[in-house]
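1. Requesting a structural model of the entry that follows:
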Amino acid sequence: MPFPIIDPVAFAIGPLVVRWYALAYLVGVLGGAAYGATLLKRHGLWRDNKPPFEAPAIWDFAFWSVIGIIVGGRIGYVLFYNLGYYLQNPGEIFALWDGGMSFHGGLVGIMVAMALFTRHKGGNILSGFDLLGCIGTIGLFLGRVANFINAELYGAPTDLPWGVVFPTDPEQLPRHPSQLYEALLEGVLLFIVIRIATHRFNALKSPGLVAGIFGIGYALSRIFVEFFRLPDAQIGYLYGGWLTMGMVLSLPILVAGIGLVVYASRNRHG
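-> Sure, this is the predicted structure:
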């Protein structure tokens, strides 16, 4: 399949250039906050009818979440994906416009922001993490679609009929559109699973359960897609030629997710 002609620049006003990737972050945060507000308003979904904080406060948290995502995502990328380069070029650490963000680092950053914010509001921190699990899939979906538009993070060569020839590929081979695999698994499917858990099985009444489901779902999806996605060029494959950094960083999320599900299930009540 030929790559659809999509300009990475969404629009430009004079010297101001806005890319789809930046819009994905913005719409992901705003869309997540809007959906989160609907969940926070439904007190009956939460344990003892107490959400981690009241719905209007989520717009304040949206600001802090952006800081957590950017700072955590950048630090994660520097530490895990290109440390040698940045040790030699420390000034480049702050060149966010050149790209280089780690989801795993961004996840840690937004979790720290949520823990501090929820504690300040006097709410249950695990319930705050559950809220992140509910809304995080929105940003994941949009971010992966933006990766596809940017023709980056594509997959290994394939002879499947939906293989895509990306314009940024120097070999010009049909490749797995791994960005879309992740968008469907981490975004759409995981959103549906969590929505069923929260609205059919009262999962939010067990603090930590939704966060655990999110962790398990994300980690399994990411590890699965890593078998089809090319590793970062500066790292390559690890330990025998099949393990990737994405897999390694997803394993702690999987273990933490399982731990949260076990803990929440043992402390579950209606």
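2. Quick check: residue 56 vs residue 37, distance?
-> Noted for residue 56: a distance of 8 Å to residue 37, by Cβ to Cβ, to the nearest Å. (C-beta placed from N, C-alpha, C; glycine too.)
3. The two: which is more packed in?
-> Using other Cβ atoms under 10 Å, the more surrounded residue of residue 56 and residue 37 is residue 37, with 17 against 10.
4. show me what contacts the nearest residue in space to that one that is not next to it in sequence?
-> Nearest non-adjacent residue to residue 37, counting by Cβ to Cβ, 6 or more residues apart in numbering: residue 55, 4.5 Å away. In this structure, residue 55 makes contact with 36, 37, 38, 40, 41, judged by Cβ atoms under 8 Å, 6 or more residues apart in numbering.
5. what number of residues lie near the nearest residue to residue 49 once chain neighbours are set aside?
-> Of all residues not flanking residue 49 in the chain, residue 43 sits nearest, at 4.3 Å (Cβ to Cβ, 6+ apart). Other residues within reach of residue 43, judged by other Cβ under 10 Å, total 13.
6. same thing with the one 5 residues further on?
-> Residues within reach of residue 48, counting by other Cβ under 10 Å, total 8.
7. what do you get for residue 195?
-> 14.
8. what's the spacing between it and residue 134?
-> 8 Å.
9. Any stretches of this structure with poor pLDDT?
-> For the chain, residues meeting the criterion pLDDT under 70 lie at 96-99, 233-234, 240, 269-270.
10. Could you look up the next helix or strand downstream of the one helix or strand residue 198 maps to?
-> Using DSSP states H and E, the element containing residue 198 is helix 190-200. Scanning forward in sequence from helix 190-200 by DSSP H and E, the next helix or strand is helix 209-226.
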